[in-house]
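Asker: After the sequence you'll find the predicted model.
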Amino acid sequence: MSFDAELDAKGLNCPLPILRAKKAIAALNPGQVLKIVATDPGSVKDFEAFCKQTGNELVSSAEAGGAFEFMIKKS
């Protein structure tokens, strides 16, 4: 999937991945997609809750090699 911006949140623990994602999404236009790569296992539930609270769309969530990848589309 294509994306407009990427955030490397590897090595960061809650709440830093969410806080940095919030800042990165704020810089995007509606409809643009932010790709986030994180290593905190708690980030899976955190990003699900973040999207519900903010109204942004969690397009995809996947794990590969101990890293979690999220695609969030700004509403």
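Answerer: Thanks, I have the structure now. Residues are numbered from 1 along each chain as shown.

Asker: So which residue is dead centre in this structure?
Answerer: For the chain, the residue nearest the mean C-alpha position is residue 36 (4.3 Å; C-alpha atoms, centre = their mean).

Asker: Bridged to that residue, which residues?
Answerer: Beta-bridge partners for residue 36, by DSSP bridges, are residue 7, residue 70.

Asker: Could you pull up the contacting residues of it?
Answerer: By C-beta atoms under 8 Å, 6 or more residues apart in numbering, the contact list for residue 36 reads 6, 7, 9, 17, 21, 24, 43, 47, 69, 70, 71, 72. The way it works is simple: take the backbone N, C-alpha and C, and place the C-beta from them, glycine included.

Asker: Now do the helices in the protein.
Answerer: Counting by DSSP state H, the chain has helices at residues 16-26, 43-54.

Asker: tell me the contacts of the residue lying closest to residue 6 once chain neighbours are set aside?
Answerer: Spatial nearest neighbour of residue 6, excluding adjacent residues (C-beta to C-beta, 6 or more residues apart in numbering): residue 35 at 4.6 Å. By C-beta under 8 Å, 6+ apart, residue 35 lies in contact with 3, 5, 6, 7, 69, 70, 71.

Asker: mind checking pLDDT for residue 35?
Answerer: At residue 35, the pLDDT value in this model is 98.

Asker: cool, residue 1 as well?
Answerer: At residue 1, pLDDT is 84.

Asker: Could you do residue 29 as well?
Answerer: Residue 29 is given a pLDDT of 98.

Asker: Once you drop chain neighbours, what's closest to it?
Answerer: residue 74 (7.0 Å).

Asker: List the buried residues for stretch 66-75?
Answerer: Judged by neighbour count (16 or more other C-beta atoms under 10 Å), stretch 66-75 contains these buried residues: 68, 70, 71, 72, 73, 74.

Asker: average pLDDT for that stretch?
Answerer: Mean predicted confidence for stretch 66-75 is 97.
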